[in-house]
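S.K.: Please find the sequence and the predicted model below.
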Amino acid sequence: MIRRTDVMITEREHVATNDMFFGDVARIIEQARAYINHAADQTMCISYFEIGRMIFEKEQEGKVRAEYSLDVLTGLSEYLTDRFGKGFSKTNLKNFRKFYMVYSPAVEKIEINDRNVNIYPIRQTASAKFNVFKLSWSHYQILMRISDEKVRVITMGETVGRYSEAYQKEITKRMNEGAVE
């Protein structure tokens with residue numbers, strides 16, 4: 001028997017109480033990790049959207065139609081790959097631009113002060129202006145392939161509903177398998 005505030009409890013009751021407590025603590029950690037992963041997904045989508053906007057505007061430079069001889073993507077790809085490593089191929093940069101072009105009607109443009117480009121102004125306005133990004137970048141890459149806007153919006157809505165529930169389960173599964181730390 002274990003003595004606890006002048007009340008005698010059995011060893012079995014003590015173990016059961018600890019199991020519930022441990023489980024509650026574990027659930028908090030799981031929820032925090034799922035939230036962090038979702039926040040990272042949203043931040044990447046916001047970043048890719050903004051990069052796409054910047055590429056689009058640079059290529060247009062005030063013109064109605066971009067000049068295709070201006071090859072911003074090759075130079076930017078080389079620069080970003082040298083600086084940050086993988087993930088910034090010309091194809092990926094085209095996808096960022098397409099992401100902006102497809103979703104810009106649904107998102108207000110962020111005003112960024114001249115060359116003072118950093119993640120903090122984006123993060124501060126994310127909840128208000130970028131609440132549209134509820135899925136991962138992988139989801140948006142697939143959704144952008146749907147040319148019919150109505151079908152894309154319906155599919156996105158269905159995916160968001162399934163994603164929020166499935167996301168929690170998938171993250172928990174990956175953590176249990178050791179794939180996510």
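M.R.: Yep, that arrived.
S.K.: so where do the helices sit in the chain?
M.R.: 11-60, 72-84, 90-103, 119-129, 137-143, 149-177 (DSSP state H).
S.K.: Which residues are in contact with K98?
M.R.: Neighbour list for K98: G52, M144 [criterion: C-beta atoms under 8 Å, 6 or more residues apart in numbering]. For glycine as for every other residue, the C-beta is placed from the backbone atoms N, C-alpha and C.
S.K.: What of M144?
M.R.: N95, K98, F99, V102, R152.
S.K.: most surrounded residue in those residues?
M.R.: F99 (23 neighbours; other C-beta atoms under 10 Å).
S.K.: and the closest residue to Y100 other than its chain neighbours, what pLDDT?
M.R.: Residue nearest to Y100 in three dimensions, not counting chain neighbours: G52, with 3.0 Å by C-beta to C-beta, 6 or more residues apart in numbering. Note for G52: predicted pLDDT of 94.
S.K.: By mean pLDDT, flag the weakest helix or strand of this structure.
M.R.: When each helix and strand of the chain is scored by mean pLDDT, DSSP states H and E, helix 119-129 comes last, with a mean of 46.
S.K.: what's the burial count for L76?
M.R.: Count around L76 with other C-beta under 10 Å applied: 18.
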